[in-house]
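1. Coordinates for the following, if possible.
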Amino acid sequence: MDKNNLKLTSSEIGSLWGVHINGTMADTVNRYMVSIVEDDQIRVLFEEAINIFEKQKKQIVSFMQNEGFPVPIGFNETDLFKGKPRLFTDIFCLNYLHIMTLHGLLGHTTSLAVSVRKDLRDFYDSCDNDAKKMYHKTIELLLEKGNFQRDPLFYPAKNPEYISSRDFTDGFFGKGRRLAATEIISISFNIKKSIMAKTLSIAFSQVAQTKETREFLTDSENAANQQIKTFAKIMQADNLPVPRSWETEVTTSTESPFSDKLMLYHMGFLFQAAQHYHGAGLASAMRTDLVAAYEGTILKNLMVTKKWFNLMVENKWLEQPPLAPNRKEITEEV
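-> Residues are numbered from 1 along each chain as shown. Predicted coordinates:
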């Protein structure tokens, strides 16, 4: 086999397609935020993020064109309305960049896992390295500004222990038990992501141009808020702190810097990505009430994403990914 002349597989094309769509979406938001940020340190990080994606986008386009696939439209300057008042504070912008960098880390790792061709593996390696550098920089700056929300602290036990009772899984009946550190990983992270989804829903609903978009954004806000309450209640039952909300980081502006298409797609992206994290939380949950909370959240997210899909399709805003060939149609044409 000629390793230097391999055709890209469906998985590899699908990954490139997704990275282009999601990357252009985040890049458009970053270009708005860099225009409103007043803090020089934060602005430098956004400028770096924009430059990184510009380089990545050129490589993605090259990969797809060389294979004869059309480059997706994604998002561009037509989805960004320049000169609008600020919709977010500097601190929210920095937190946004941090959370979206985490999404990028996961996405690049997944893309690398399905890539075989060396030039593509090298590309995702470089994407991953860039994302890791940005991850460190956003955390350092959030810590410096006193705005990084650390997870709850535990006090060490004297010795390691084995689980000694089947009641360990009990979350509804009997004494129950305290949350395990392995369970808090997903609970805390999912709360933080739901807080960002709620905050963006509030901000976007203030500036959305159509009634249908505003109604969906209100639904997504309510869904995110319910998720926050569900997992916050579980944390608070063990007297553990819950991450603070960011609603006050949204201004009162009603002038939209983004197209409805971008805002609606962004919320769908967040709810779809959340399914992965909720699934990971479900897999690590060993308490029955946690299992029920994750299952209920996943089902509600499916309802939200169904509404999102219908609205995107109605407006012809949802691009179709590359499809497998329809052999039946090909046969009928012969």
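2. and F204, what is it in contact with?
-> Counting by C-beta atoms under 8 Å, 6 or more residues apart in numbering, F204 makes contact with 213, 217, 258, 263, 266-267. Any C-beta I mention is one placed from the backbone N, CA and C, and that applies to glycine too.
3. Show me which of these is closest to A232.
-> Using C-beta to C-beta, M267 comes nearest to A232 of these, at 21.0 Å.
4. ok, W317 - how many residues close by?
-> 15 (other C-beta atoms under 10 Å).
5. That one belongs to a helix?
-> No - read with DSSP: H, G, I helix; E, B strand; the rest coil, W317 is coil and lies in no helix.
6. Can you tell me how far it is from T331?
-> The spacing between W317 and T331, counted by C-beta to C-beta, to the nearest Å, is 33 Å.
7. Kindly report the same for D128.
-> 42 Å.
8. check which helix or strand covers the closest residue to H103 other than its chain neighbours.
-> Excluding the flanking residues, the one nearest H103 by C-beta to C-beta, 6 or more residues apart in numbering is A273, at 5.9 Å. Element membership of A273, judged by DSSP states H and E, is helix 260-284.
9. Buried residues in that helix, which are they?
-> For helix 260-284, the neighbour count (16 or more other C-beta atoms under 10 Å) marks 260-271, 273-274, 277-278, 281-282, 284 as buried.
10. Just name whatever secondary elements that helix is in contact with.
-> helix 10-36, helix 90-113, helix 181-207, helix 211-237, helix 288-314 (3 or more C-beta pairs under 8 Å, 6 or more residues apart in numbering; DSSP states H and E).
11. Just put the ones you listed in a markdown table and tack on distance to E54 and mean pLDDT.
-> As requested, the helices and strands packed on helix 260-284 are exported to a markdown table (distance: least, C-beta to C-beta, whole Å; pLDDT from 0 to 100):
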| stretch | distance to E54 | mean pLDDT |
| --- | --- | --- |
| helix 10-36 | 8 | 96 |
| helix 90-113 | 15 | 94 |
| helix 181-207 | 24 | 94 |
| helix 211-237 | 29 | 95 |
| helix 288-314 | 26 | 94 |
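12. Tabulate the contacts of F204 in a markdown table, adding columns for distance to L299.
-> Output for those, formatted as a markdown table (distance: C-beta to C-beta, whole Å):
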| residue | distance to L299 |
| --- | --- |
| T213 | 24 |
| L217 | 21 |
| F258 | 29 |
| M263 | 25 |
| H266 | 22 |
| M267 | 18 |
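13. how about the closest residue in space to Q226 that isn't next to it in sequence, what does it touch?
-> Distances taken as C-beta to C-beta, 6+ apart put K300 closest to Q226, at 7.0 Å, once the chain neighbours are dropped. The contact partners of K300, taken as C-beta under 8 Å, 6+ apart, are 223, 226-227.
14. Pull out the buried residues from the residues you listed.
-> Here, 16+ other C-beta under 10 Å leaves 223, 227 buried among the contacts of K300.
15. rewinding a little: comparing D128 and T331, which residue is more hemmed in?
-> When neighbours are counted by other C-beta under 10 Å, D128 and T331 differ, and D128 comes out ahead with 17 against 8.
16. Phi first, then psi, for the more buried one.
-> phi -60, psi -40 (degrees, to the nearest 10).
17. This structure - how does it break down into domains?
-> 8-144, 172-314 (automatic domain parsing).
18. Turn these into JSON lines, columns for distance to F154.
-> What follows is these, written out as JSON lines (distance: least, C-beta to C-beta, whole Å):
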{"stretch": "domain 8-144", "distance to F154": "20"}
{"stretch": "domain 172-314", "distance to F154": "6"}
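19. Of all the ones you listed, which one is nearest K158?
-> Here domain 172-314 is closest among the domains of the chain (C-beta to C-beta), at 16.0 Å.
20. Can you give the distance of that closest one from its chain's centre?
-> 11 Å (C-alpha atoms, centre = their mean, to the nearest Å).
21. now swap in stretch 309-329 and tell me
-> 22 Å.
22. Okay, now the unreliable bits of the stretch 51-200 of the chain?
-> 166-167, 169-176 (pLDDT under 70).
23. I'd like the distance from the nearest residue to V114 once chain neighbours are set aside to T78, if you could.
-> Nearest residue to V114, sequence neighbours excluded (C-beta to C-beta, 6+ apart): S11, at 4.1 Å. S11 is 30 Å from T78, where distance means C-beta to C-beta.
24. try S62
-> Applying C-beta to C-beta to S62 and T78 gives a distance of 23 Å.
25. just to revisit the earlier point, run a quick neighbour tally on the residue nearest to V114.
-> S11: 14 neighbours (other C-beta under 10 Å).
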